[in-house]
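> Quick one: sequence and predicted model below, then my questions.
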Number of protein chains: 2
Amino acid sequence: MRQSLARELNDLLERGRDRQLRLAVTGLSNSGKTAFLTSLVYQLRHVGLEARLDLLPAAREGRLLGAKRMAQQDLGVPRFPYDQAMEALDATPPRWPEPTRGISELRLTLRYRPARSGLFQRDTATLTLDLFDYPGEWLLDLPLLGHDYLSWSESQPFDPDARRQGERHALFADWLDAVSTLDPAASADEAQLAAIAERYAQGLRAARAAGFSDLQPGRFLLPGDLEGAPVLQFFPLPGLGDRDRATLAKLPEDSVYQTLVRRFAHYQQHIVKPFYRDHFRRFDRQIVLVDVLGALNAGPERFEDLSRALGTLMKSFDYGKRSLLSRLFSPRIDRLAIAATKADHVTPEQHANLVALLEALLAEPLRDLRFAAVPVRAMSLASIRATQAREVEHQGKRTAALRGTTLDGEEVLVFPGEVPARLPDATFWSRQGFDFRAFRPAPRENGTLAHIRLDVALEWLLGDKLQ
Amino acid sequence: MRQSLARELNDLLERGRDRQLRLAVTGLSNSGKTAFLTSLVYQLRHVGLEARLDLLPAAREGRLLGAKRMAQQDLGVPRFPYDQAMEALDATPPRWPEPTRGISELRLTLRYRPARSGLFQRDTATLTLDLFDYPGEWLLDLPLLGHDYLSWSESQPFDPDARRQGERHALFADWLDAVSTLDPAASADEAQLAAIAERYAQGLRAARAAGFSDLQPGRFLLPGDLEGAPVLQFFPLPGLGDRDRATLAKLPEDSVYQTLVRRFAHYQQHIVKPFYRDHFRRFDRQIVLVDVLGALNAGPERFEDLSRALGTLMKSFDYGKRSLLSRLFSPRIDRLAIAATKADHVTPEQHANLVALLEALLAEPLRDLRFAAVPVRAMSLASIRATQAREVEHQGKRTAALRGTTLDGEEVLVFPGEVPARLPDATFWSRQGFDFRAFRPAPRENGTLAHIRLDVALEWLLGDKLQ
């Protein structure tokens, strides 16, 4: 009895404390960050009413009482545009919300009844949930911090002697032409460097538009207020390498080479580091969204590119003692989720394969994270379900299919294909067996916002805080 | 002889030093900042060739040898888009350059032969000229620093009892409707505050589009990366005054009132002050451009509004010991120019009146500046001349006229009217005697970029540095 009372008092103290969780959502462009965060906020705000959260025990047991929007703490960070997103989903016909650019923030207060209630059982507790959304592209800049300008330049995929250069290389042809005539020892001409940098940025934009992901430096794609500033006007110098280091170091201050060196260093100090220092290291938990299906649909070169980009992106979460990040700051993320989004775009029996493929794609980073004892979980989900699973009779056999409305408004019944459970090989690509369609969101019925396994993600990311 | 040698050596030392001048151009929207800076850079770069700088002694005497663009110092500030501006002027038909947004920068090195040459007469000296361009609207925020939220709110022109409210007041009708139902003591609803703040910003944008200038807070009009951030989501609460101070101070932290108080303070600390600290106090000299003719054309309400806005703007330049700014930082501007731009839009015999009117408009700030011993000069100029002065015979009398091409491409010969030499009174406005047209730039002939008295401005702003 005495022990039980002590425990109850302890629980009470715990509940009385100001509990706060900072949860960040990230992912590369088009991975579904806005849809995820919109649905997450919607489900929590409508818990016990229109929300469907059966796989979140606190909700299933009726202990999660509700969520209220509160004023966010950092007044200088844009607010996540939840209302605009809901307006888009409720439009006729429904539209996907506008993608966010840069970082945004939203604060909720969750009210819940703790699981172990006893003497004080009518008590409720609150959890302050700070939600953040930021571009995964920013994480692709982490490796820059491990380089100086010369080694970064050498690490970029523009070897002039390379034979197999692929489609992505071709998108940089204009820039390669321009940079090939540039003498690193010449006196720097601001206007010329600006023009060449613009061609480089055009190459990055074209590559992103063509479905590539592994693009650096990340801010060249979303310059914001820095548009036109010299800090965003550098680029690699193909053909230079470590063997040239001593010669290059002797070039005068106003040479092309030294100018690029200064800009690169400024980018490291004033763009990359501030994000990690002011934001990243303050997130408690994160979820990384990955559009595996989109990459699978786009063919082998883009799929490999996504794989490389994810490898780079995941390095920000690798807290091995020797990691670059832990030497700079000490991040404190204690739980991580990796999710393949848009699971509603394949038939349900493919979902297991989708998770298996995600795990295969991230095999190495996942191994490193587990070795570093970072709790991480891979899953598949659809933040906002756009299709319905059906079975059709085809040549006497029952087959799974999807019914949905394409972005053009055409109602279709399709079987998109099988998701491979491991990394696709040449045979898979030659079969071209995958026909991914983009669907538009379904009109909401009875005020619900249907999803697939968003509640699983919620349970992993905050379930323990609602005990 | 000995004395003369000592002087020469001293001069030589002086010349050897790294001489630098930081010159800033400002003015409200549409005052002609981009045209001014473009023409200034053009004239200096083409000195001795296509440039016409007869009123700048260093150029007239052939001592100014040339100007070269150099890499700017602050890598995080956008570069002034000189090349794009020249492209617009050289297009067929010529266009005015795109207006800049926010601050931008460009560095020139001027090479000149000092006036007093002797023993070392073939020596040349250099002057590093850092040019800046920033919105005059940012200076309208200075008075905010002298307020707290309540006194600022009271100072805004939204007294609900006011009888004569004018056209500007009407542009805020939507916001006034929304804010009138807001209870300062109620618990703050983020989404509601965002919606009301958006209506306030819409009011500011509508007022600017309608030709008004005295608009606060300045960043609401050019939010950039802060779009959607709570720091840009405050507004006055009409009807509250100092008499309510004690009551309001007791309201809880999460009340509407206290939320607005926090946002206002954040805006002061993180938006207004950094501009003065990081930029303004480092400018050596400044020129303020004023579109007097535009305001004259737009009628009495807008003209008075411009007068108020200029009064506010000029406070940033008033270095009286008791000035707000000198208490915060110590700016070091040692020379100031005030210029009425677009002088080519009236006939030449009106130019004297234009300067007189500008001085009348700025009578009070000019008096304060002279009292504070800040060297200041008023002038009229046309950075890029768009018209040609003609004389026409009308009813047997020779009259001055302008020939130019309107923005629509129509060639016209007009007499825009007389500029009053003092502040216009009711009689002037009732006569409606002024017919200002907007002209497009003339095609450049023989590579020159014609101007009116840009060289006078240059002589005042940097002539002494070229001695």
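Received the coordinates, thanks. Numbers count the residues shown, from 1 in each chain, chains lettered A, B, ... in the order given.
> got the contact list for A:H147?
Contacts were defined as Cβ atoms under 8 Å, 6 or more residues apart in numbering or on different chains; by that measure A:H147 touches A:S155. C-beta: built from backbone N, CA, C; applies to glycine.
> so what pLDDT did it get?
With respect to pLDDT, A:H147 scores 92.
> mind checking how far it is from A:F264?
As for A:H147, its distance to A:F264 is 8 Å (criterion: Cβ to Cβ, to the nearest Å).
> Determine the longest strand present in chain A.
Assignment by DSSP state E gives strand A:125-135 as the longest strand of chain A.
> tell me what that one is packed against?
strand A:20-27, helix A:33-45, strand A:104-112 (3 or more Cβ pairs under 8 Å, 6 or more residues apart in numbering or on different chains; DSSP states H and E).
> can you list the residues of the stretch 151-300 of chain A near chain B?
Contact residues, the stretch 151-300 of chain A versus chain B (Cβ under 8 Å from any Cβ of the partner chain): A:188-191, A:194, A:224-231, A:254, A:259, A:262-263, A:266, A:270.
> ok, how many other residues are close to the closest residue to A:L89 other than its chain neighbours?
Among residues not flanking A:L89 along the chain, A:P441 sits closest, at 5.5 Å (Cβ to Cβ, 6 or more residues apart in numbering or on different chains). Residues lying near A:P441 (other Cβ atoms under 10 Å in any protein chain shown) number 23.
> A:P441 touches A:W96, doesn't it?
Yes - contact criterion Cβ atoms under 8 Å: A:P441 and A:W96 qualify, at 6.2 Å.
> Identify the contacts common to the two.
Counting by Cβ under 8 Å, 6+ apart, the residues touching both A:P441 and A:W96 are A:L89.
> So what's the gap between the helix or strand A:N297 falls within and the chain middle?
Here A:N297, judged by DSSP states H and E, is contained in helix A:292-298. In this view, helix A:292-298 has its centroid 15 Å away from the chain centroid, taken as Cα atoms, centre = their mean, to the nearest Å.
> avg pLDDT for it?
pLDDT averaged over helix A:292-298 gives 87.
> Stretch A:314-321 now?
Here stretch A:314-321 scores 76 as its mean pLDDT.
> What about the residues of the stretch 151-300 of chain A next to chain B, which are in helices?
A:E190, A:A191, A:A194, A:T259, A:R262, A:R263, A:H266 (DSSP state H).
> Would you mind giving the domain segments of chain A?
A:2-134+A:279-384+A:449-466, A:143-275 (automatic domain parsing).
> most tightly surrounded among these?
domain A:2-134+A:279-384+A:449-466 (a mean of 19; mean count of other Cβ atoms under 10 Å in any protein chain shown).
> Now do the same for A:K397: its pLDDT.
For A:K397, the predicted pLDDT is 83.
> ok, it to A:L176 distance?
Distance from A:K397 to A:L176, by Cβ to Cβ: 52 Å.
> picking up where we left off before, and the next element down the chain from the helix holding A:N297?
Moving toward the C-terminus from helix A:292-298, the next element (DSSP H and E) is helix A:300-314.
> which sections of chain A are below the confidence cut-off?
A:1-18, A:117-122, A:159-165, A:319-323, A:432-434 (pLDDT under 70).
> picking that back up, toward the C-terminus, what is the element adjacent to the longest strand of chain A?
Under the assignment DSSP H and E, the closest C-terminal helix or strand after strand A:125-135 is helix A:149-155.
> which helices and strands sit right next to that following helix?
Going by 3+ Cβ pairs under 8 Å, 6+ apart, helix A:149-155 lies up against helix A:256-267.
> on contacts alone, who are the packing partners of the helix it packs on?
Against helix A:256-267 (3+ Cβ pairs under 8 Å, 6+ apart) you get helix A:149-155, helix A:190-209.
> mind checking how far the first one is from the chain centre?
Going back to what we said before, that points to helix A:149-155. 26 Å.
> Repeat that for stretch A:335-351.
14 Å.
> and it, how far apart are its ends?
Taking Cα to Cα, to the nearest Å as the measure, stretch A:335-351 stretches 23 Å from start to finish.
> now the helices and strands packed on helix A:256-267 in CSV, with distance to B:A125?
Compiled in CSV, the helices and strands packed on helix A:256-267 are given as follows (distance: least, Cβ to Cβ, whole Å):
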stretch, distance to B:A125
helix A:149-155, 34
helix A:190-209, 23
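> Quick one: closest of these to B:D318.
helix A:190-209 (35.5 Å; Cβ to Cβ).
> Packing partners of that closest one?
Using 3+ Cβ pairs under 8 Å, 6+ apart: helix A:190-209 touches helix A:173-180, helix A:256-267, strand B:64-70.
> just so I know, which of these lies nearest A:F132?
Evaluated over these, closeness to A:F132 peaks at helix A:256-267, with 22.6 Å, by Cβ to Cβ.
> mind exporting that closest one as CSV, just the C-alpha atoms?
C-alpha atoms of helix A:256-267 as CSV (Å, rounded to 0.1, in the frame of the first residue of the first chain):
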residue,chain,number,x,y,z
VAL,A,256,38.6,32.8,-58.9
TYR,A,257,39.7,29.9,-56.8
GLN,A,258,40.1,31.9,-53.6
THR,A,259,36.8,33.7,-54.1
LEU,A,260,35.0,30.3,-54.4
VAL,A,261,36.8,29.1,-51.3
ARG,A,262,35.6,32.1,-49.3
ARG,A,263,32.0,31.7,-50.5
PHE,A,264,32.0,28.0,-49.7
ALA,A,265,33.3,28.7,-46.2
HIS,A,266,30.6,31.4,-45.7
TYR,A,267,27.9,28.9,-46.8
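> Tell me which other helices or strands the next helix or strand after that helix touches.
Later in the chain than helix A:256-267, the nearest helix or strand by DSSP H and E is helix A:273-278. For helix A:273-278, the elements it packs on are helix A:324-328, judged by 3+ Cβ pairs under 8 Å, 6+ apart.
> on contacts alone, who are the packing partners of the helix it packs on?
Looks like helix A:324-328 contacts helix A:273-278 (3+ Cβ pairs under 8 Å, 6+ apart).
> Just the CA trace of the helix it packs on, in PDB.
Extracted in PDB, the C-alpha atoms of helix A:273-278 (Å, rounded to 0.1, in the frame of the first residue of the first chain):
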ATOM      1  CA  LYS A 273      25.600  25.300 -39.300                       C
ATOM      2  CA  PRO A 274      22.900  27.700 -38.100                       C
ATOM      3  CA  PHE A 275      20.200  25.200 -39.100                       C
ATOM      4  CA  TYR A 276      21.800  22.400 -37.000                       C
ATOM      5  CA  ARG A 277      22.600  24.700 -34.100                       C
ATOM      6  CA  ASP A 278      19.300  26.600 -33.900                       C
END
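> Measure how far it is from the centre of its chain, please.
On Cα atoms, centre = their mean, the centre of helix A:273-278 falls 17 Å from that of its chain.
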